[in-house]
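In: here is a sequence together with a model predicted from it:
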Amino acid sequence: MTDSDSINFLIADVSGKGITAALYMMTAKTLIKELVIAHKDPAEAMRMANITLAKSKSETAFMFVTCFLGVLNTETGELVCVNGGHNPPLLKNGDANWEYQKIKHACALGVSPKAKFTAVSLQMNLGDSFIMYTDGVTEAMNSDREQFGETRLKE
């Protein structure tokens, strides 16, 4: 929470595995958290975190983080979102069907220091549901090596 009316949430997925990837993820998370608290503008927080991550890479490691950041105003129901190359979230308005949100996204964080991030506003109402996920869900395979997929997730 950045104030009494704002809930911030982030989902992210780092390239690679192991300790290096875990440390890169923690750096990205900490940067975004501190920048959202300082600026209260999710697009600006992502832009600034991206610049820092893109400029701090070693010459030998190409790492990046896809992420989706949301700031929900609990008084008004306004949800301000920024997508940094992450999977599209699902929204269910009340009793309606689940729908993928076509939120314009920039590239993943750490790829290019010149990337632009755009915030999009959604209206959330009592009874609405919002789901974020990583490709680990949609790319999970059953014993027949069939991926779970986005269609099944939506269903």
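Out: Received it, and whenever you're ready, just let me know what you need. As the structure is a prediction and not an experimental result, all values here were calculated from the model.

In: every contact and neighbour count from this point should use C-alpha atoms.
Out: OK.

In: surely H39 and A45 touch.
Out: Yes: using C-alpha atoms under 8 Å as the test, H39 is close enough to A45 to be in contact (6.8 Å).

In: who's more crowded, those two?
Out: Comparing H39 with A45 by neighbour count (other C-alpha atoms under 10 Å), the higher total belongs to A45, at 22 against 12.

In: what pairs with the helix or strand of the chain with the lowest mean pLDDT, parallel or antiparallel?
Out: Every helix and strand of the chain was ranked by mean pLDDT, DSSP states H and E. The lowest is strand 105-106, at a mean of 84. Here the strand partners of strand 105-106, with direction, are listed using DSSP bridges: strand 78-84 (parallel).

In: list the helices and strands the helix or strand just after the strand it pairs with packs on?
Out: Moving toward the C-terminus from strand 78-84, the first helix or strand encountered (DSSP states H and E) is strand 90-92. The helices and strands touching strand 90-92, judged by 3 or more C-alpha pairs under 8 Å, 6 or more residues apart in numbering; DSSP states H and E, are strand 99-100, strand 129-131.

In: so where is this protein shaky, pLDDT-wise?
Out: 57-61 (pLDDT under 70).
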